[in-house]
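A.B. asks: Below are the sequence and a predicted model for it; my questions follow.
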Amino acid sequence: MSNRLPKRESGFSLLEMVVSMALGTIVLGAAVQIYIQGVTATWTVTQRAELQQDFRAASNMLTKDLSLAGSGLGNNVQIGLPTTGTTPVYGCDQSLHCYINGGAAAYPKQGTVPYLYGLIPGWKYGPILNAAQGPTDVVTVVYTDPNFYLNCYNVTVTTKTVVTFTLPSPLPTGCVLPSGMSAPQNVNDTVAGLTPGDLIWFTLTPAAGCNPCTPSPVVAEVTGAVTVVNSTTYTVPFATGDVLKFNQTSAASGSLGNVVGDVGTSKRILVITYYIDNTLTPPRLMRQVSGHSPIPVAENVAFLQFSYDLYNSNTEMVLPDQADGGASIPLTPNQITKINIKHMAIDSALKGVNGGFQGLDLQTSVSARDLTYSNGYPLQ
């Protein structure tokens, strides 16, 4: 007969299990916290990178346009516009929609005559996004189109509402084409050609009967498709009732109706307006060119504000930081020398994990090199 000891099975005691579960919970909690911090950091960095990318693209586009204000128009430019009681406007497109805070903006006047300048301030023309900040600003810059060589064509004002463009041979001396390009684009070119909403700046003289002849500057809006007469000749309509109200044939001056039969040259000008559209959510910074439909530049715009430095050539004084562009002094926009971007604030698209938006705010100045020039050195 054998004596067998009973086999004893070992295991965790209740105390050991409680201690191990407590330690596991602590480790698991620490791991969860590290994970949450990693997700939060990734989210923050992603949102920041997207915000910086959008902000950089918008600020580059805005500052480039501001630096070109007045380019190709000549120093101290101011072009008288027609008026028959109706002032030409900007901020509208061919769909008859107007976008400057739900309406159109009129060109500034000297007395009763409206003028087109290389830069047009729009102090408090925009919508209110934040009651404490007040209305946002609008800014409009004007310069000639450097990519369409319309000045290579001779123009004749055929009627009050039609202009004929003819490509001469040889090309005029003012026609300077880039290397590798033997002729300018066709007036009806599908990429660069004229389309309804384009603004054309004509420099015209009477065909006969004057000595000397004084060129007349006229700005008119294209209202229809280009007609091809032959391989070198085109006709372009500038009908009355245009959206931007330039084609006022009964005006006393500044209209194609005053210069029928005159000949000369022309350039396409770009009237570029930056404004905030808050009719959509979130608010967007928009860029509109002449009478064409606006395009978005950046979303989640929180504020837009400018001021301007001006030079008074009569008193030889610099007048800095004028919010209204000198209108209350009074000075005219062609005396602006610098545009100060006080605020172009943009928020991130989404809130962070802990709530709240990230934001960037552009604050810089841009020299308006083509607007005003004064030689301050004495002549010897």
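C.D. replies: Cool, the structure landed.

A.B. asks: mean confidence for stretch 244-255?
C.D. replies: The pLDDT scores in stretch 244-255 average 93.

A.B. asks: show me what contacts Ile339?
C.D. replies: Counting by Cβ atoms under 8 Å, 6 or more residues apart in numbering, Ile339 makes contact with 66, 69, 119, 139, 306, 308, 365-366, 368. To be clear about C-beta, it is placed using only N, CA and C from the backbone, and glycine gets the same treatment.

A.B. asks: partner residues bridging it?
C.D. replies: Judged by DSSP bridges, the bridge partners of Ile339 are Tyr308, Val366.

A.B. asks: picking up where we left off before, in the contacts of Ile339, which has the lowest confidence score?
C.D. replies: Within the contacts of Ile339, lowest confidence goes to Ala368 (80).

A.B. asks: gap between that residue and Val219?
C.D. replies: Using Cβ to Cβ, to the nearest Å, Ala368 is found at 20 Å from Val219.

A.B. asks: sorry, back to before: mind giving me the ChimeraX command for buried ones among the contacts of Ile339?
C.D. replies: The buried residues among the contacts of Ile339 can be selected in ChimeraX (16 or more other Cβ atoms under 10 Å) with this line:
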select :66,69,119,139,306,308,365,366,368
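
A.B. asks: Would you reformat the contacts of Ile339 as TSV and include distance to Ala208?
C.D. replies: Formatted as TSV, the contacts of Ile339 follow (distance: Cβ to Cβ, whole Å):
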residue	distance to Ala208
Leu66	43
Ala69	37
Leu119	37
Val139	43
Phe306	47
Tyr308	44
Ser365	49
Val366	45
Ala368	40
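
A.B. asks: ok, of the contacts of Ile339, which one's closest to Val155?
C.D. replies: Ala69 (25.4 Å; Cβ to Cβ).

A.B. asks: Torsion angles phi and psi at that closest one?
C.D. replies: phi -50, psi 120 (degrees, to the nearest 10).

A.B. asks: which residues does it contact?
C.D. replies: Applying Cβ under 8 Å, 6+ apart, the residues near Ala69 are 118-119, 141-143, 339, 368, 370-371.

A.B. asks: By pLDDT, rank these and give me the bottom one.
C.D. replies: For these, the pLDDT minimum is Asp370, 66.

A.B. asks: host element of His343?
C.D. replies: Assigned by DSSP states H and E, His343 belongs to strand 336-347.

A.B. asks: Give the buried residues for stretch 22-31.
C.D. replies: Buried, per 16+ other Cβ under 10 Å, within stretch 22-31: nothing.

A.B. asks: so how far is it from its chain's centroid?
C.D. replies: A distance of 56 Å separates the centroid of the chain from that of stretch 22-31, by Cα atoms, centre = their mean, to the nearest Å.

A.B. asks: ditto for stretch 187-196
C.D. replies: 21 Å.

A.B. asks: Which pLDDT value belongs to Trp43?
C.D. replies: For Trp43, pLDDT reads 58.

A.B. asks: that older thread, give me the buried positions along the strand holding His343.
C.D. replies: Judged by neighbour count using 16+ other Cβ under 10 Å, the buried positions of strand 336-347 are 336-342, 344-347.

A.B. asks: Now do the helices in the chain.
C.D. replies: For the chain, applying DSSP state H gives helices covering 14-67.

A.B. asks: any weak-confidence spans in it?
C.D. replies: Within the chain, the segments meeting pLDDT under 70 span 1-12, 35-47, 211, 350-356, 370, 372-380.

A.B. asks: So in it, which strand runs the longest?
C.D. replies: In terms of residue count, the longest strand belonging to the chain (DSSP state E) is strand 263-277.

A.B. asks: Which strands or helices does that one pack on?
C.D. replies: helix 14-67, strand 138-144, strand 154-159, strand 199-205, strand 284-289, strand 301-312 (3 or more Cβ pairs under 8 Å, 6 or more residues apart in numbering; DSSP states H and E).

A.B. asks: go with 7 Å
C.D. replies: strand 138-144, strand 154-159, strand 199-205, strand 284-289 (3 or more Cβ pairs under 7 Å, 6 or more residues apart in numbering; DSSP states H and E).

A.B. asks: quick one: strands adjacent to the second one?
C.D. replies: Neighbouring strands of strand 154-159 in its sheet, by DSSP bridges, are strand 162-166 (antiparallel), strand 263-277 (antiparallel).

A.B. asks: Could you pull out the buried residues of it?
C.D. replies: Within strand 154-159, the residues scored as buried using 16+ other Cβ under 10 Å are 154-157.

A.B. asks: who's Thr166 bridged to?
C.D. replies: Beta-bridge partners of Thr166, as defined by DSSP bridges: Asn154, Thr233.

A.B. asks: so the longest strand of the chain versus helix 14-67, what angle?
C.D. replies: When axes from the mean of the first three to the mean of the last three Cα atoms, to 10 degrees is applied, the directions of strand 263-277 and helix 14-67 differ by 150 degrees.

A.B. asks: Thank you, goodbye.
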